Every structure is written in C-alpha cells, then in structure tokens.
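Visitor: Kindly return the folded structure for what I paste below:
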Amino acid sequence: MGDRLKKLGEAELEIMQVIWDADAAVTSNYILKELHGRRKWQLSTLMTSLTRLSDKGFVHCDRSTGSNLYTPVISENDYKTGASRHFLEKLYDNSIQNMIATLYNNQAIQNSDIEELRNFLDELEDE
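Guide: Numbering: from 1, shown residues only. Down below sits the predicted model:
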C-alpha cells in the first residue's frame, strides 16, 4: 500500500465496507441494495463513487462478464492500519498514550473502557 495512504470519504468508506464484507465480487446493484436505508442514492451516484474508488486504487472493476464486478484492491485491515497510523500521527503526535489520556480526560471513555484495554494488553503480553 505504500506510505502515502489515500483517504476515503465517509460515503466511500460505506461503499468499501459493503465490498469488504462480501465474500465475492459484487455488482453495483448489490452495493446499492446493501446501502439502502443509509444512503438515498441513484445508481448513477454510486457509479460515480465507484469510479473514484477505482481511480484511487481501492477497487478493481472486472468488466469481462457483461456486468461490472467490484473487488477490493486494498484489504480492510490494511486500510484501517494505515488510517489509524495517520490519525495518531496527525492528532496525537504518534502517541497512543496521548490519545487515551485525551479521551479519558474529556470523559469520552469510561473506567470500564480502560479496564477492557488493560485486559487486552495483558492478553497480548501473555502471548
């Protein structure tokens, strides 16, 4: 994926989530159906977004079957890792501790969240 992460807009991320969650290549109609209730889009709007996602290198469109089939080029895990790293660098000087402290001090996370994090870190150490 490289060091230069391309950013997904909110709508693009919703489209990618549908594609990532699918077990196989999907059609634009499948994506539109899955987005129903979240986005009131016409097919043409979705197609514009899919073209942008293809141009950004997030999806591949296979046109060989007669209908466009979309598959992810970048995995969900790779995107989340890169986006999380970028988020930490930009907002918290690359410090997870700074992020947790800010969230805790502003009551965005509770003591139960801290306990859950502590348990997770303990499990990581045990591995």
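
Visitor: Low-confidence regions, this protein specifically.
Guide: Applying pLDDT under 70 to the chain picks out residues 1-5.

Visitor: Going along the chain, name the strands of it.
Guide: Per DSSP state E, the chain has strands spanning 59-62, 69-72. These are given in chain order.

Visitor: what does the last one contact?
Guide: By CB atoms under 8 Å, 6 or more residues apart in numbering, the residues outside strand 69-72 that reach it are 16, 19-20, 25-28, 31, 50, 58-62. Any C-beta I mention is one placed from the backbone N, CA and C, and that applies to glycine too.

Visitor: same thing with stretch 89-101?
Guide: For stretch 89-101, the external contacting residues (CB under 8 Å, 6+ apart) are 88, 102, 109, 114, 117.

Visitor: and that stretch, how far apart are its ends?
Guide: Counting by CA to CA, to the nearest Å, the length from the leading to the trailing residue of stretch 89-101 is 15 Å.

Visitor: buried ones in it?
Guide: With burial defined by 16 or more other CB atoms under 10 Å, the residues of stretch 89-101 counted as buried are 92, 99-100.

Visitor: For those, give me TSV that also has distance to Arg39.
Guide: As requested, the buried residues of stretch 89-101 are exported to TSV (distance: CB to CB, whole Å):
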residue	distance to Arg39
Tyr92	31
Met99	30
Ile100	33
